[in-house]
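> Using only what follows, build the 3D model:
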Amino acid sequence: MGRRGSWPPTDTPQPIDEAVINEEMVQAMKAGGIRPSLIHAWSKTRLLLTEQNRHLIAAEDLAKWQMPIVRLLSVNSRVKFRLALERVP
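Below is the predicted model:
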């Protein structure tokens, strides 16, 4: 049983707010210096890929993880190109 007088008892399972967990994970990754493209891939797929676990990921899941990175980098490249064009006299 949990601490006396606490409610709900600390040993009682509680629902987890997925949005809170996701935000905490993103903040931890930012604080840890993880590249934004990798954070974006995690937020879209919930796959946390490392050199140590990459061999465990199925090819299909790896492709799903890579797609948000490719899209993000593509969008960023187009934005940078447009901004560069705007600066040309």
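> What is the burial count for Leu49?
For Leu49, the count of nearby residues is 17 (other Cβ atoms under 10 Å). Every residue, glycine included, has its C-beta placed from N, CA and C.
> Which strand or helix spans the spatially closest residue to it that is not a sequence neighbour?
Counting by Cβ to Cβ, 6 or more residues apart in numbering, Trp65 is the residue found nearest to Leu49 once chain neighbours are left out, at 5.8 Å. Using DSSP states H and E, the element containing Trp65 is helix 59-87.
> ok, now Lys44?
Assigning secondary structure by DSSP H and E places Lys44 in helix 36-45.
> Can you give the distance of that helix from its chain's centre?
In terms of Cα atoms, centre = their mean, to the nearest Å, the centre of helix 36-45 is found 4 Å from the chain centre.
> ditto for stretch 50-69
The answer for stretch 50-69 is 13 Å, by Cα atoms, centre = their mean.
> Any idea how far the one helix or strand in the chain whose mean pLDDT sits lowest is from the middle of the chain?
Across the helices and strands of the chain, the lowest-confidence element by mean pLDDT, DSSP states H and E is helix 59-87, at a mean of 83. Put simply, helix 59-87 sits 16 Å off its chain's centre (Cα atoms, centre = their mean).
> And stretch 46-61, by the same measure?
Going by Cα atoms, centre = their mean, where stretch 46-61 is centred and where its chain is centred differ by 14 Å.
> Would you mind measuring the gap between the ends of that stretch?
10 Å (Cα to Cα, to the nearest Å).
> what helices or strands is the helix holding Trp65 leaning on?
Where contact means 3 or more Cβ pairs under 8 Å, 6 or more residues apart in numbering; DSSP states H and E, helix 59-87 is packed against helix 36-45.
> List the neighbours of the helix it packs on that are in contact with it.
Applying Cβ atoms under 8 Å, 6 or more residues apart in numbering, the set of residues contacting helix 36-45 from outside is 22, 25-26, 29-30, 47-49, 61, 64-69, 72-73.
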